[in-house]
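Asker: Got a sequence here, can you build the structure:
(chains A, B, C and D)
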Protein chains: 2
Amino acid sequence: MDRRIKKTQQSIMKAFIDLLTEKGFDKVTINDIAERANVNRGTVYLHYADKFDLLDKCVETYVGLLINHCADTSDTTLNPNAFKRMLEYLENNFAIYHLLLSNEGVGFFRKRLYATIAKILMDVLGTENKQLSNSITIHFVASGFIGVLDWWISNSMPCDVQEITERLMFLLEPYTKRLDSN
Amino acid sequence: MDRRIKKTQQSIMKAFIDLLTEKGFDKVTINDIAERANVNRGTVYLHYADKFDLLDKCVETYVGLLINHCADTSDTTLNPNAFKRMLEYLENNFAIYHLLLSNEGVGFFRKRLYATIAKILMDVLGTENKQLSNSITIHFVASGFIGVLDWWISNSMPCDVQEITERLMFLLEPYTKRLDSN
DNA sequence: ATAAGTGTGTTGATTTTTCAACAGTTTAAG
DNA sequence: CTTAAACTGTTGAAAAATCAACACACTTAT
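Answerer: Model (predicted):
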């Protein structure tokens, strides 16, 4: 990707997230964003259709970053190290994810994170196993997982990464087994 | 000036100063600078002829910033507040000016600062008074002034702004009088 | 009601940056 | 010495960002 595009998109997203924190979605204008990002207003429209599209792309980016931080290893099984990396990343970028999980995210974030995690679980299962029981398990596990993340972030990380990782592993253990053996 | 130009030049200069601090002038390559500034190598050559030109332009910029920080008021007489602002700016940007005053500046900085200060002193005198005695006084005062700045920065600011301002005012007092009355 | 002000989204001409390719020079190592 | 690798500086075509201008919708205060 062209270096200019990357730089422009990064500064627009950064500006948008900052303004979201300061004023809230409704009060942020495209003018604000362009000014803060030190970019022409037209340039914003060159990349994003409108404010909602920008929020959507931001969410996509941050979900991607979160997921990538536990996908370094080629290990597809749900292992503690992957969780730990993800939670540490979450901890280090607390402000942003707290914002996106709140109503400021307008539901976009939760929806996309849910879809992404469900897809990963399906991929782990492989294409053959499309039984109803597995579908239900996937949605149950995805919801439970996100619910715990949400609780942890929304309550300002009331316990440390190590502890929440262990609790998650414990909770997921029976289901990972059930998923592995189709 | 086009917004892109400003952004590009700023990031190139920032990258250059940082690399100068880390590696020294000789070891910094144009590739380094472009990479650090997140800019195409060709773009560097679009703005600067070579490394020396870049250093020169940097020096010009930083001398300008230093001078501007005591030129807010329309008061052309040498007043304590102007000195104080300048010294405070110097204090807040210690690392950069320490670097530029050292051999890393390759003499460019001292030369240009000298020329700038001498010119200001001449302007204060006006165009009519071009007597030899005034010329000599100007060079004496400019040298003395820069010498004190250099000492202060090179020794890591061994006294506070207030004190050095007072000492400077005291030292300059007889000469400002001599200059004012042609 | 209307006028002034602010935000939205689009357009086209212009400028800047990028990229890849090139030839020439310097540096370092076998 | 010579070969490989890295750095320098330049070029031209292509892509992106800028700017000014436009029409339109919306608030809000006189």
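Asker: What segments of chain A are helices?
Answerer: A:3-23, A:30-37, A:41-47, A:51-68, A:80-92, A:94-101, A:108-125, A:132-154, A:161-180 (DSSP state H).
Asker: In chain A, where is pLDDT below threshold?
Answerer: A:71-78, A:125-133, A:176-182 (pLDDT under 70).
Asker: tell me the contacts of the residue in chain A that DNA strand C sits nearest to?
Answerer: Of all residues in chain A, A:Ile30 sits closest to DNA strand C, at 3.3 Å by C-beta to the nearest atom of the strand. No exception for glycine: its C-beta is placed from N, CA and C like everyone else's. A:Ile30 is in contact with A:41, A:44-45, A:50-51, counting by C-beta atoms under 8 Å, 6 or more residues apart in numbering or on different chains.
Asker: Which among those residues count as buried?
Answerer: By neighbour count, with 16 or more other C-beta atoms under 10 Å in any protein chain shown, the contacts of A:Ile30 hold A:44, A:51 as buried.
Asker: can I get the contacts of A:Ile30 in TSV with distance to B:Leu168?
Answerer: Shown next, in TSV, are the contacts of A:Ile30 (distance: C-beta to C-beta, whole Å):
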residue	distance to B:Leu168
A:Arg41	47
A:Val44	49
A:Tyr45	53
A:Asp50	57
A:Lys51	54
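Asker: ok, the closest residue to A:Met13 other than its chain neighbours - contacts?
Answerer: Closest residue to A:Met13 apart from its sequence neighbours, by C-beta to C-beta, 6 or more residues apart in numbering or on different chains: A:Cys58 at 5.3 Å. Going by C-beta under 8 Å, 6+ apart, A:Cys58 touches A:13, A:16-17, A:100.
Asker: In contact with the residue nearest the centre of chain A: list those residues for me.
Answerer: Geometric centre of chain A, nearest residue: A:Val63, 2.8 Å, by C-alpha atoms, centre = their mean. Applying C-beta under 8 Å, 6+ apart, we find A:Val63 in contact with A:109, A:112-113, A:116.
Asker: May I see the residues you listed organised as TSV, with distance to DNA strand D and neighbour count added?
Answerer: TSV is the format used below for the contacts of A:Val63 (distance: C-beta to the nearest atom of the strand, whole Å; neighbours: other C-beta atoms under 10 Å in any protein chain shown):
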residue	distance to DNA strand D	neighbour count
A:Phe109	25	24
A:Arg112	24	18
A:Leu113	28	24
A:Thr116	26	16
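Asker: Can you lay out these as CSV showing distance to DNA strand C?
Answerer: Listed next are the contacts of A:Val63 as CSV, based on distance: C-beta to the nearest atom of the strand, whole Å:
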residue, distance to DNA strand C
A:Phe109, 21
A:Arg112, 21
A:Leu113, 26
A:Thr116, 27
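Asker: ok, those residues vs B:Glu104, which is closest?
Answerer: Taking C-beta to C-beta as the measure, B:Glu104 sits nearest to A:Phe109 out of these, at 47.3 Å.
Asker: Tell me the spacing between the nearest residue to the closest one once chain neighbours are set aside and A:Ile30.
Answerer: Nearest non-adjacent residue to A:Phe109, counting by C-beta to C-beta, 6+ apart: A:Leu100, 4.1 Å away. As judged by C-beta to C-beta, to the nearest Å, A:Leu100 and A:Ile30 stand 20 Å apart.
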